[in-house]
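Undergrad: Take a look and give me a structure for this.
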Amino acid sequence: MPIRRLPETLINRIAAGEVVERPASAAKELVENALDAGARRIRVGLVNGGIDGLEVADDGIGMAPDQLRLAIERHATSKLPDEDLAAIATMGFRGEALPSIGSVATLSLTSRPEGGEGWRLVVDNGRIVHDGPAGAAPGTVARVDGLFAQVPARRKFLKSPRSELAACLDHIRRLAMARPEVGFVVEHEGRRLLNLPPLPDASPQSTLARLAAIIGPDFAGNAVAVDLEREGLHLAGLAGIPTWNRGVSDHQYLFVNQRPVKDRLLVGALRGAYHDLLARDRHPVVALFLNVPSDFVDVNVHPAKTEVRFRDAAQVRGMIVSGLRRALDEAGHRASTQVSGAVLAAFVAEPLPAAAGAWPPAGGADPAAGGAL
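TA: This next block holds a predicted model:
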């Protein structure tokens, strides 16, 4: 078969498959755009878990009509002031998010810069169907309707609306943890699921307050502070004590330069720090923020920007392991407040069984086992 050029619509759909895997992927990209636009308040609305409708409204700098038209072109971005890919100070970019979303859904962008006119641009599965003035408050509203409606092969692989909604919330919570100075509201079919008012700044105190609001107030009482600086790298955050753990790893929040990541190197370092403190099927609860020079990390190695590549991976791994172990060692054998309180409340003295041998007795629980959330 001879080599041929693919049509533009198919190219965009291939790119969409890398960037937009599900509604949560689109929500993440749109919220990151709002953060890079300097938004102080972001509202996210979802319909049917984001499958049928997703809207992200912000009060950022907005876009003029010519900027809106550029925004839906591939590899067009405002996040790279020059051509230095090693110095990205934004949430990262691939230049494909908006055109990819617009190629597999109906994408409506309504925006107005301060002092400018409002404008709306609508792209329906790769075709511009509206481009004209519109009433709008300063900022941008991005709406996505019918994701994968015309790509049934992709739509059938989406999970239930409940699962898709949970994935959307997880992405937004992670972004909100890293940006306590920004307010977030999430609504699903008129029901408010998340309401985080903006805090004064991005100080450690504000970050702690935002973490408590999202993870829960017990987290701070069952965690130790991590603070380590070495050779221009800074690791900070909270690490749950070993007795306050979970059966799944969904409460491990890792950030690099305020970007939420799920990087294998960082997860492996985290596992290494706790490997002799937890059973193999238990997982710690942590929120760690790693700040490094922009030229020390490549944030664009993954289409969805969930993985990063460090210039010196061994240095990062060593820093995380040593920073966590130092903080946990200083905490000593502290027990979780939640677990110890539950154990004391349920404690009843019983005589030992006549035949000493099996411990714990049948139907009993081992009091040395770690706590669970």
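
Undergrad: Just to check, Ala178 is in contact with Phe289?
TA: Yes. Taking contacts as Cβ atoms under 8 Å, Ala178 lies within contact range of Phe289: 7.2 Å. To be clear about C-beta, it is placed using only N, CA and C from the backbone, and glycine gets the same treatment.

Undergrad: intersection of neighbour lists for those two?
TA: Taking Cβ atoms under 8 Å, 6 or more residues apart in numbering as the contact rule, the neighbours common to Ala178 and Phe289 are Phe255, Gln258.

Undergrad: Doesn't Cys253 lie inside a helix?
TA: Just to correct that, residue 253 is Tyr rather than Cys. No. Counting by DSSP: H, G, I helix; E, B strand; the rest coil, Tyr253 falls outside a helix, being strand.

Undergrad: Excluding chain neighbours, give the residue nearest to it in space.
TA: Counting by Cβ to Cβ, 6 or more residues apart in numbering, Tyr253 lies nearest to Ala287, which is 4.3 Å off, once chain neighbours are set aside.

Undergrad: element containing the one you found, please.
TA: Following DSSP states H and E, one finds Ala287 within strand 286-291.

Undergrad: what ranges do the helices span in the stretch 51-200 of the chain?
TA: Listed in chain order, the helices of the stretch 51-200 of the chain (DSSP state H, counting those that start in this stretch) span 65-71, 97-103, 152-155, 161-178.

Undergrad: can you list these in a markdown table and add distance to Gln252 and mean pLDDT?
TA: Formatted as a markdown table, these follow (distance: least, Cβ to Cβ, whole Å; pLDDT from 0 to 100):
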| stretch | distance to Gln252 | mean pLDDT |
| --- | --- | --- |
| helix 65-71 | 33 | 93 |
| helix 97-103 | 25 | 89 |
| helix 152-155 | 29 | 87 |
| helix 161-178 | 10 | 97 |
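
Undergrad: Turn the ones you listed into JSON lines, including distance to Pro133.
TA: As requested, those are arranged in JSON lines below (distance: least, Cβ to Cβ, whole Å):
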{"stretch": "helix 65-71", "distance to Pro133": "8"}
{"stretch": "helix 97-103", "distance to Pro133": "20"}
{"stretch": "helix 152-155", "distance to Pro133": "33"}
{"stretch": "helix 161-178", "distance to Pro133": "31"}
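
Undergrad: hey, which of those helices is tucked in deepest?
TA: helix 97-103 (a mean of 26; mean count of other Cβ atoms under 10 Å).

Undergrad: Give me the pLDDT for the nearest residue to Ala167 once chain neighbours are set aside.
TA: In space, Ala167 comes closest to Ala24 once its chain neighbours are excluded; the distance is 3.7 Å by Cβ to Cβ, 6+ apart. The predicted local distance difference test score for Ala24 is 96.

Undergrad: From Gln205, how far off is Ala24?
TA: Ala24 sits 30 Å away from Gln205, taking Cβ to Cβ, to the nearest Å as the criterion.

Undergrad: more neighbours, the two?
TA: Ala24 (23 against 12; other Cβ atoms under 10 Å).

Undergrad: Tell me where the stretch 201-350 of the chain has strands.
TA: Here the stretch 201-350 of the chain has its strands, by DSSP state E, counting those that start in this stretch, at 223-230, 233-240, 244-246, 252-256, 259-261, 283-284, 286-291, 297-298, 309-310.

Undergrad: Adding mean pLDDT, write those out as CSV.
TA: As requested, those are exported to CSV (pLDDT from 0 to 100):
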stretch, mean pLDDT
strand 223-230, 94
strand 233-240, 95
strand 244-246, 92
strand 252-256, 95
strand 259-261, 91
strand 283-284, 95
strand 286-291, 96
strand 297-298, 84
strand 309-310, 90
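
Undergrad: Dump those into TSV; add distance to Ala39 and mean neighbour count as well.
TA: Formatted as TSV, these follow (distance: least, Cβ to Cβ, whole Å; neighbours: other Cβ atoms under 10 Å):
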stretch	distance to Ala39	mean neighbour count
strand 223-230	29	16
strand 233-240	24	21
strand 244-246	32	22
strand 252-256	18	22
strand 259-261	16	22
strand 283-284	32	22
strand 286-291	20	22
strand 297-298	24	20
strand 309-310	28	16
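
Undergrad: Dump the strand holding Ala287 to PDB, keeping only the CA atoms.
TA: Written as PDB, here are the backbone C-alpha positions of strand 286-291 (Å, rounded to 0.1, in the frame of the first residue of the first chain):
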ATOM      1  CA  VAL A 286       0.600  12.000  51.200                       C
ATOM      2  CA  ALA A 287       0.600  15.400  49.600                       C
ATOM      3  CA  LEU A 288       4.100  16.300  48.300                       C
ATOM      4  CA  PHE A 289       5.100  19.400  46.400                       C
ATOM      5  CA  LEU A 290       8.400  19.300  44.600                       C
ATOM      6  CA  ASN A 291       9.700  22.600  43.200                       C
END
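
Undergrad: neighbouring strands for it, and are they parallel or not?
TA: As defined by DSSP bridges, the strand partners of strand 286-291 come to strand 233-240 (antiparallel), strand 252-256 (parallel).

Undergrad: So for Ala153, which of those sits nearest?
TA: Taking Cβ to Cβ as the measure, these were each checked against Ala153, and strand 252-256 came out nearest at 32.8 Å.
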